[in-house]
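Chemist: Could you work out the structure for the sequence below:
(one chain, ligands or ions: 2)
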Amino acid sequence: MGERYDLIIKRGTVVLPSGAKAADIAVKDGRIAAIAAAGSLDGACEAAETIDADGLLVMAGAVDVHVHFNEPKFGHWEGFATGSAALAAGGCTTYADMPLNGNPPTVDAGALALKASLAEGASAVDYAFWGGLVPGNADRLEELAAAGVVGFKAFMSNPGGEGEGRFREIGREALREGMRRIAAFGGLLALHAESEAITSRLAAKFADEGRTGARDFAASRPAVAELEAVYMALELAAETCCRLHFVHISTPEAIDMITAAKRRGIDVTAETCPHYLTLTEDDMALIGPAAKCAPPLRGEDRLEGLWTRLLEGAIDLVASDHSPCPEAMKTAAGLSFIDAWGGIAGAQNTLELMLEEGWRKRGVPLQLLSAALSANPARRFGLYPRKGEIAEGFDADLAIIDPNRTYALAREDLYHRHKHSPYIGRRFTCKVVRTLCRGKTVYAEGAGVTSGGGVRLTVPASNVPAVDALDAQAALGAAHLSAGLTRTPGSASQQCRPSAPSLPVNGVQPS
Ligand SMILES: NC(=O)N[C@H]1NC(=O)NC1=O
Ligand SMILES: [Zn+2]
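Modeler: Numbers count the residues shown, from 1 in each chain. Ligands and ions are numbered 1, 2, ... in the order given. Prediction:
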């Protein structure tokens with residue numbers, strides 16, 4: 001007998017960075033200890049537990065860097081236990097929680113410590129936190145960075161939300177100052193990019209005119225609001241050398257502006273969400289407030305344009321933007337579409353939606369989906385080389401998927417606190433059947449979710465790699481399409497590279 005392992009997952013179709021391959025995976029002390037030809041480990045080695053993955057896909061657990069779990073104070077909207085249970089059931093093993101909708105928002109070290117104390121022992125999977133950049137907290141950014149946030153989030157338009165002291169949007173000059181400060185310590189800024197001037201003016205105009213429907217909501221947040229905000233932020237990033245990430249981009253035109261900025265050497269990445277890749281404005285009008293989000297869902301052409309950009313490697317990552325609320329804020333009698341909460345509860349469905357709509361329907365290679373869902377977010381936000389990939393030495397964070405299962409998503413399948421979702425009733429031809437975080441099963445079909453074992457990950461500010469590290473995905477996508485995405489070497493990113501030395505990854509050790 002050879003090595004003794006804790007777990008062997010045998011004969012799965014394993015999605016590696018180089019492609020899908022029949023393989024066995026051995027796990028020891030929470031990490032991937034060996035990857036070998038299918039059937040070669042079983043029998044040759046001892047293991048405390050064996051999972052037979054014959055006929056199943058094994059992917060790196062998703063790294064969802066955009067969720068709103070809303071504690072403290074708004075845990076009745078969504079909390080760490082229920083939100084993370086939904087993620088686990090959907091094949092996600094690491095997430096980063098956004099600094100807003102909870103109260104106090106995560107805009108200083110005290111608020112971060114309070115939030116961390118609430119997450120401790122409650123989360124099913126591993127997690128990290130975002131800090132916030134808001135008017136007036138420029139002096140608090142360094143303390144948040146020192147406490148290990150993955151980056152800072154700011155809103156260029158009104159974020160909504162409730163409560164005294166809630167999160168606020170930031171104007172141009174405060175944004176520039178925040179970028180300057182963040183760049184000084186090698187941090188990263190994530191932006192919700194919609195122009196407040198455009199969206200607030202249209203919202204006020206439509207309110208006067210009594211226009212309150214789904215189409216009116218979409219028209220009040222047109223594509224140009226996103227494009228103007230992205231353009232302005234890219235200029236400020238070039239000026240301040242601040243590393244930038246755009247959350248939930250909804251238009252291919254904005255992706256193209258970001259791609260052009262990358263070619264100029266600006267250190268910037270782009271995220272989109274499953275809903276912009278799977279639902280249109282027409283769907284929003286049909287489904288109602290469960291499909292309301294900001295930026296709003298767009299037309300079919302833009303949806304397909306985003307898939308093309310994803311295939312080209314021009315979209316760096318996909319995250320859920322899970323932003324739920326109590327049922328009544330979506331469906332109360334007499335509530336107009338305009339007044340319903342804007343946020344889609346999608347934490348559980350990211351991986352299955354991407355497999356269904358990407359791999360199945362559009363032929364997107366599995367390794368490209370895996371890069372967008374796992375490796376790239378882990379890399380960009382300092383969680384790599386611990387999270388995000390199936391490779392020796394990485395945490396054994398795995399999603400096991402049955403690619404031969406047909407089911408229609410039912411309300412009762414959902415683990416998040418409030419069961420409104422635009423995907424209820426949707427048919428899937430694949431299903432996550434088991435999720436492992438550091439080698440421990442956190443979700444198994446039938447058994448459900450095992451709660452509370454997730455650990456917090458902290459990231460030193462200067463440990464986050466520059467965008468060049470993501471070029472592998474662009475190359476992967478370009479190879480698939482045989483259309484090249486090239487970056488101009490030695491331009492702004494070279495001048496802007498922070499002088500701080502690169503630190504080792506400070507992910508929490510497996511306990
Ligand atoms: N406040 C908040 O969570 N907003 C999120 N919801 C949404 O649809 N877009 C967002 O940025
Ligand atoms: Zn969000």
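Chemist: tell me how far the ends of stretch 402-413 are from each other?
Modeler: 16 Å (CA to CA, to the nearest Å).
Chemist: Okay, buried residues for that stretch please.
Modeler: Asp402, Leu409, Asp413 (16 or more other CB atoms under 10 Å). C-betas here are computed from N, CA, C, even on glycine.
Chemist: who are the neighbours in contact with Glu281?
Modeler: Ala214, Arg215, Ala218, Pro296, Leu297, Arg298, Gly299 (CB atoms under 8 Å, 6 or more residues apart in numbering).
Chemist: Could you list which of those residues belong to helices?
Modeler: Ala214, Arg215, Ala218 (DSSP state H).
Chemist: ok, and of those, which contact ligand 1?
Modeler: Among the ones in helices among the contacts of Glu281, no residue is within reach of ligand 1 (CB under 6 Å from any ligand atom).
Chemist: so which of these comes closest to ligand 1?
Modeler: Ala218 (12.5 Å; CB to the nearest ligand atom).
Chemist: Test my guess that the closest one contacts Cys293.
Modeler: No - between Ala218 and Cys293 there is no contact under CB atoms under 8 Å: 10.5 Å.
Chemist: In terms of packing, which of those two has more residues around it?
Modeler: Cys293 (25 against 22; other CB atoms under 10 Å).
Chemist: So what does the more buried one have for phi and psi?
Modeler: phi -150, psi 170 (degrees, to the nearest 10).
Chemist: For it, list the residues it contacts.
Modeler: Here Cys293 is in contact with His248, Cys273, His275, Asp321, Ser323, Gly342, Gly343, Ile344 (CB under 8 Å, 6+ apart).
Chemist: Widest-spaced pair of these?
Modeler: Cys273 and Gly342 (13.0 Å; CB to CB).
Chemist: could you measure Gly299 against ligand 1, distance?
Modeler: 18 Å (CB to the nearest ligand atom, to the nearest Å).
Chemist: what does the model give Arg243 for pLDDT?
Modeler: What the model reports as pLDDT for Arg243 is 96.
Chemist: Tell me the bridge partners for it.
Modeler: Leu188 (DSSP bridges).
Chemist: Wait, Thr269 touches Val318, no?
Modeler: No - assessed by CB under 8 Å, Thr269 is found out of contact with Val318, at 11.7 Å.
Chemist: More neighbours: which of the two?
Modeler: Using other CB under 10 Å, the more surrounded residue of Thr269 and Val318 is Val318, with 30 against 23.
Chemist: related to what we said a few turns ago, pick out whichever of Cys273 and Gly342 has more residues nearby.
Modeler: Cys273 (25 against 21).
Chemist: and the more buried one, backbone torsions?
Modeler: Here Cys273 shows phi and psi, under degrees, to the nearest 10, equal to phi -120, psi 160.
Chemist: Surely it touches Leu317?
Modeler: No - at 10.1 Å, Cys273 does not count as touching Leu317 under the criterion of CB under 8 Å.
Chemist: Please identify the residues of this structure in proximity to ligand 1?
Modeler: 68, 100-101, 159-161, 192, 293-294, 321, 323, 342-343.
Chemist: Check the secondary structure at the closest residue to ligand 1 within the stretch 351-500 of the chain for me.
Modeler: Residue nearest to ligand 1 within the stretch 351-500 of the chain: Pro422 (11.5 Å; CB to the nearest ligand atom). Following DSSP: H, G, I helix; E, B strand; the rest coil, the label given to Pro422 is coil.
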